[in-house]
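Peer 1: generate coordinates for the sequence data below:
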Amino acid sequence: MKAYFEQWLNGLVYELFFPGELHARKLTLFDETAKLNLPDLAKVPES
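Peer 2: Okay, the predicted model is just below:
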């Protein structure tokens, strides 16, 4: 599971630096991440 999230995060960084190349291949990881409706990390208890 850790490797999956690490790859996803790497993809987001790549999209920041190389948006043209990724968008040309119809890869929009930020849009897909936004669709997941992830919880606000500031509101998640530390424990």
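Peer 1: so where's this structure shaky on pLDDT?
Peer 2: Low-confidence regions of the chain, defined by pLDDT under 70, are absent; no residue qualifies.
Peer 1: for it, what spans make up the strands?
Peer 2: Counting by DSSP state E, the chain yields no residue ranges for strands.
Peer 1: residue ranges of the helices in it, please?
Peer 2: Assigned by DSSP state H, the chain shows helices spanning 2-17, 19-24, 29-35.
Peer 1: how far is the second one from where the chain is centred?
Peer 2: Using CA atoms, centre = their mean, to the nearest Å, the mean C-alpha position of helix 19-24 is found 15 Å from that of the whole chain.
Peer 1: contacts for that helix, please.
Peer 2: 11, 14-15, 28-29 (CB atoms under 8 Å, 6 or more residues apart in numbering). The C-beta positions use only the backbone N, C-alpha and C, and glycine is treated the same way.
Peer 1: pick out the most distant pair among those residues.
Peer 2: The two members of the contacts of helix 19-24 with the most space between them (CB to CB) are Tyr14 and Thr28, at 11.8 Å.
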